[in-house]
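Asker: Build me a model from this:
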Amino acid sequence: MAKFTYRMQNILDIKIKMENQAKIAYGIASRHLAEEQEKLQQILMRRAGYERRARELVCGTLNVTEIRECRRAIDVMKSQQRTQMMNVHAAEKTLEMARQELNQVMVERKTHEKLRERAFEEFKQEIAQAEGKEIDELVSYNYHES
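Answerer: As a prediction, this is how the structure comes out:
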């Protein structure tokens with residue numbers, strides 16, 4: 001029995017490895033985005049705490065130094081929030097690029113797999129034709145013998 005060998009199997013193997021690497025890169029980018037969003041959420045919570053504290057300081061006995069300190073902390077949190085939002089947007093862009101790369105690599109792998117399937121179907125047809133030819137020769141030989 002003949003054995004099927006796909007002549008571009010090494011290319012298909014490379015495409016599979018590239019897809020696995022792209023999946024890993026996408027996972028890393030996704031995790032990075034989640035971390036950046038978590039940092040932003042923490043900054044927003046800290047800022048809300050400082051704003052709540054500032055309202056409490058203004059309502060009670062006025063302590064000017066504490067109020068100024070709280071206002072400075074709020075300004076620092078606003079600055080950190082802007083910076084972190086830029087980091088989140090950069091992580092989103094990185095994730096989108098990783099997703100596009102993964103899609104492209106998956107399409108290439110699927111294309112090579114389809115080519116392999118077609119080559120295998122052709123191989124099966126050739127084997128079937130060869131077997132049919134052998135059977136025909138065997139039958140014709142037996143017919144002429146009798």
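
Asker: From here on, just use CA atoms for contacts and neighbour counts.
Answerer: Noted.

Asker: which one is the most centrally placed residue in the chain nearest to, not counting chain neighbours?
Answerer: Most central in the chain under C-alpha atoms, centre = their mean is Tyr26, positioned 3.3 Å from the mean C-alpha point. The shortest distance from Tyr26 to any non-neighbouring residue, by C-alpha to C-alpha, 6 or more residues apart in numbering, is to Ala98 (5.1 Å).

Asker: Now do that neighbour, the pLDDT please.
Answerer: For Ala98, the pLDDT comes out at 97.

Asker: since we're on it, how many residues are nearby?
Answerer: A count of nearby residues for Ala98, using other C-alpha atoms under 10 Å, gives 21.

Asker: what residues are up against it?
Answerer: Counting by C-alpha atoms under 8 Å, 6 or more residues apart in numbering, Ala98 touches Ala22, Ala25, Tyr26, Ala29.

Asker: on that earlier part again, can you say which helix or strand has the residue nearest to the centre of the chain in it?
Answerer: helix 9-59 (DSSP states H and E).

Asker: Just after that helix, pick out the following helix or strand.
Answerer: Counting by DSSP H and E, what follows helix 9-59 is helix 64-145.

Asker: and the angle from that next one to helix 9-59?
Answerer: Per axes from the mean of the first three to the mean of the last three C-alpha atoms, to 10 degrees, the angle that helix 64-145 makes with helix 9-59 is 160 degrees.

Asker: Tell me the spacing between Val76 and Glu56.
Answerer: 19 Å (C-alpha to C-alpha, to the nearest Å).

Asker: related to what we said a few turns ago, and the helix holding Tyr26, what other elements does it pack with?
Answerer: helix 64-145 (3 or more C-alpha pairs under 8 Å, 6 or more residues apart in numbering; DSSP states H and E).

Asker: so how far is the helix it packs on from its chain's centroid?
Answerer: Centre-to-centre, helix 64-145 and its host chain are 8 Å apart (C-alpha atoms, centre = their mean, to the nearest Å).
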